[in-house]
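**Q** make a model of this:
(2 chains)
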Amino acid sequence: MLPHESTPIVARFAPSPTGSLHLGNARTALFSYWWARKSGGRFILRIEDTDQERSQIKFRDALLADLAWLGMDWDEGPDVGGPSAPYSQAERGAFYAGLYSDLERSGRAYPCYCTAEELELSRKLQRMAGKPPRYAGTCRALSQAERAEREARGLRPSLRFQVASGAAIVFEDAVHGTQRFASDDIGDFIIRREDGTAAFFFCNAVDDSAMGVTQVLRGDDHLTNTPRQLMILEALAMRAPAYGHVGLLVGADGAPLSKRHGSTSVAEFRQRGFLSVALLNQLFRLGHTGDVEAWLPASQMAAHFRPEHLGRAPARFDEAQLVHWQKESVARLSAEEMKEWLGAHDSPDFVELIRHNVVLPTDATPWREVVSGELPPLGDSERHLIGAAGHEFFRAALGAFDESHGDFKLLTKLLKDKTTRKGAELFMPLRVALTGQAHGPELAPLLKLMPAATARRRLERYAQNP
RNA sequence: GCUCCCUUCGUCUAGAGGCCUAGGACACGGCCCUCUCAAGGCUGUAACACCGGUUCGAAUCCGGUAGGGAGCGCCA
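**A** This is a model prediction of the structure:
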């Protein structure tokens, strides 16, 4: 790509290590990554592990592994360090503490002693009254004495951001265009939890700013949260990044992607044997249109990424389309890659023969059985094909087999003369008898790969009268 | 309830007032190739949510309706 086409941006991916990498998150990570790389900018990985209960090291490690499997690398991150270290929010407490006291000093934040139960009740009442559930402002104007009284009762305060009244928050969304919100629609919100840890709105915003992120790309579900983050940064006089919100990735029925839609995590697709380049090609085209339609190698995706063609509407994930990119990807595998992907000691001839008949490594198993194992029982339609051919046909086939000494071309020629059958009538019964299936790789090379005794036994079986 | 977002073939999408009797891809059907199915090549069916307006002209602009989604959390 040409560097002058766009100014270098600093993008980031900021996952929470509370589970495995979800397809939707992987997609926004990829979009950010491609954008950064295309622009010649930087890509940062930050771990948002402020939720101590749910965050786990094993999830963090798995996350890094999944991102690497997808071909991503980062210029700054928890494992590689960087100028804005640390890249784990759990380790950034001191940084947040300074900002909290700035906010308290300037009167933009105040301690809130309301309990979770009180807040829950308040929201319920507001909802019932047909009003938006917003913080009522109970602790907003507490006197020094009132605070001391609550502290004395052993109440631990959270810290709330005081939203200015009558303000308009306007920003340019990279995907949706100009967005305008009224501060009066937003209640005071918590920026530090009772246990002293930083809340998402706060740490996510200040870290993006402090780390020099210039372009935040995230899911649409964050669009209406953006004004809160903009207000925090403004109160702190910190530079705000540009935000862009892409349409969500949903299941085939339009509902948020979940377990009942099948595989939803990157790890699951990897375990099933999908190639990362296949997943990449699929994700590249969901909610985004690049400047080429054809299959792309991972190395060229950044160059063909077009941030101005990011989609606003939710995109449905359709596994059939992923299967297509998987086929395209398998077709391009080298012989060695193919063998490694199949994970078995297959002969090169076998691997090439089944290449176009396997989508996932497990699809090779039946063909291995065809070549050197036992055939499973026939299905109904296969049985009909055998029955329609009749015992006479297989008796003739057996004779032709013996006469041709493994030369399939000669075998079919002899058989054609003996039975006057040709085309599908000739080939299909042979295929079914020999492989147990009505479809598959070319028959001649397949026959060559199986022991003569095995092939003969399979024909013999149908040559006998029942 | 309030605020915000979204709506082109079954699916992913192109389309930024005339190039659109709406293009491509997946899926599906047909044909060709191969004495067979698959693979491969070609081809077909199929969409502007709805109603008004602006305009000589609207998928594209405006308003409304309907439907879907998100946020309003001491979860991110």
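**Q** could you give the number of residues near A:Leu30?
**A** The local packing of A:Leu30 (other C-beta atoms under 10 Å) involves 24 other residues. Yep, even glycine has a C-beta here, placed from its N, CA and C like the rest.
**Q** report the secondary structure state of it.
**A** helix (DSSP: H, G, I helix; E, B strand; the rest coil).
**Q** now do it, the pLDDT please.
**A** Per-residue confidence (pLDDT) for A:Leu30: 97.
**Q** swap in the one 4 residues further on?
**A** A:Trp34 carries a pLDDT value of 97.
**Q** now do the helices in the stretch 151-300 of chain A.
**A** Ranges of helices in the stretch 151-300 of chain A, per DSSP state H, counting those that start in this stretch, are A:200-210, A:226-235, A:266-272, A:276-284.
**Q** mean confidence for the last one?
**A** This points to helix A:276-284. Rounded mean pLDDT across helix A:276-284 is 96.
**Q** ok, the longest one next?
**A** Per-residue pLDDT values across helix A:200-210 average out to 97.
**Q** just the angle for it relative to helix A:226-235, thanks.
**A** Interaxial angle, helix A:200-210 versus helix A:226-235 (axes from the mean of the first three to the mean of the last three C-alpha atoms, to 10 degrees): 60 degrees.
**Q** tell me if helix A:200-210 is near RNA strand B.
**A** Yes - judged by C-beta under 7 Å from any atom of the strand, helix A:200-210 comes into contact with RNA strand B through A:200-201, A:204.
**Q** just put those in JSON lines and tack on neighbour count.
**A** As requested, the residues of helix A:200-210 next to RNA strand B are exported to JSON lines (neighbours: other C-beta atoms under 10 Å):
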{"residue": "A:Phe200", "neighbour count": "20"}
{"residue": "A:Phe201", "neighbour count": "19"}
{"residue": "A:Asn204", "neighbour count": "22"}
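**Q** please name the nearest non-neighbouring residue to A:Ala463.
**A** A:Phe394 (4.0 Å; C-beta to C-beta, 6 or more residues apart in numbering).
**Q** which of the helices or strands spans the one you found?
**A** Using DSSP states H and E, A:Phe394 sits within helix A:380-404.
**Q** just checking, what packs against that helix?
**A** Using 3 or more C-beta pairs under 8 Å, 6 or more residues apart in numbering; DSSP states H and E as the contact test, the elements touching helix A:380-404 are helix A:408-419, helix A:424-435, helix A:452-463.
**Q** and it, anywhere near RNA strand B?
**A** No - contact of helix A:380-404 with RNA strand B (C-beta under 7 Å from any atom of the strand) is absent, the minimum separation being 9.7 Å.
**Q** now do the strands in the stretch 151-300 of chain A.
**A** Taking DSSP state E, counting those that start in this stretch as the test, the strands found in the stretch 151-300 of chain A are A:158-161, A:168-173, A:177-182, A:189-192, A:215-219, A:242-246, A:249-250.
**Q** need the ones you listed in a markdown table with mean neighbour count and mean pLDDT, can you?
**A** Formatted as a markdown table, the strands of the stretch 151-300 of chain A follow (neighbours: other C-beta atoms under 10 Å; pLDDT from 0 to 100):
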| stretch | mean neighbour count | mean pLDDT |
| --- | --- | --- |
| strand A:158-161 | 22 | 96 |
| strand A:168-173 | 14 | 94 |
| strand A:177-182 | 12 | 92 |
| strand A:189-192 | 23 | 96 |
| strand A:215-219 | 22 | 96 |
| strand A:242-246 | 22 | 96 |
| strand A:249-250 | 20 | 92 |
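**Q** will you turn those strands into JSON lines that also has distance to A:Ala267?
**A** As requested, those are exported to JSON lines (distance: least, C-beta to C-beta, whole Å):
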{"stretch": "strand A:158-161", "distance to A:Ala267": "35"}
{"stretch": "strand A:168-173", "distance to A:Ala267": "31"}
{"stretch": "strand A:177-182", "distance to A:Ala267": "35"}
{"stretch": "strand A:189-192", "distance to A:Ala267": "33"}
{"stretch": "strand A:215-219", "distance to A:Ala267": "20"}
{"stretch": "strand A:242-246", "distance to A:Ala267": "22"}
{"stretch": "strand A:249-250", "distance to A:Ala267": "16"}
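**Q** would you mind listing what in the stretch 51-200 of chain A touches RNA strand B?
**A** A:51, A:54, A:112, A:114-116, A:119, A:123, A:127, A:130-135, A:158, A:176, A:179-182, A:185, A:187, A:189-190, A:193-195, A:199-200.
**Q** just the buried ones out of those, please.
**A** Among those, the ones that count as buried by 16 or more other C-beta atoms under 10 Å are A:51, A:112, A:114, A:119, A:123, A:133-135, A:158, A:176, A:179, A:181, A:187, A:189-190, A:199-200.
**Q** check contacts around A:Ala433.
**A** Applying C-beta atoms under 8 Å, 6 or more residues apart in numbering, we find A:Ala433 in contact with A:386, A:394, A:397, A:458-459, A:461-462.
**Q** re earlier: hmm, A:Tyr462 and the residue nearest to A:Ala463 touching each other?
**A** Yes - look at A:Phe394 against A:Tyr462 with C-beta atoms under 8 Å: they come within range, at 4.1 Å.
**Q** who has more neighbours, these two?
**A** Comparing A:Phe394 with A:Tyr462 by other C-beta under 10 Å, the one with more neighbours is A:Phe394, at 23 against 20.
**Q** now do A:Ser122 against A:Gln52, distance only.
**A** 27 Å (C-beta to C-beta, to the nearest Å).
**Q** these two: which is more packed in?
**A** More neighbours surround A:Ser122 than the other of A:Ser122 and A:Gln52, with 16 against 10 (other C-beta under 10 Å).
**Q** might you report the residue contacts of the nearest residue in space to the more buried one that is not next to it in sequence?
**A** Take A:Ser122 and drop its neighbours on the chain: the residue closest to it by C-beta to C-beta, 6+ apart is A:Ala136, 5.5 Å away. Going by C-beta under 8 Å, 6+ apart, A:Ala136 touches A:122, A:126, A:187.
**Q** other residues contacting stretch A:316-331?
**A** A:23, A:249-252, A:254, A:257, A:261-263, A:269, A:274-275, A:277-279, A:281-282, A:285-286, A:295, A:338, A:341, A:355-356, A:358-360.
**Q** restrict those to contacts with RNA strand B.
**A** A:252, A:254, A:285-286, A:356.
**Q** near RNA strand B, which residues of the stretch 201-350 of chain A? Just list them.
**A** Residues of the stretch 201-350 of chain A lying near RNA strand B (C-beta under 7 Å from any atom of the strand): A:201, A:204, A:220-225, A:247-248, A:252, A:254-256, A:285-289, A:293, A:309, A:311-316, A:318, A:320-321, A:323-324, A:327, A:331.
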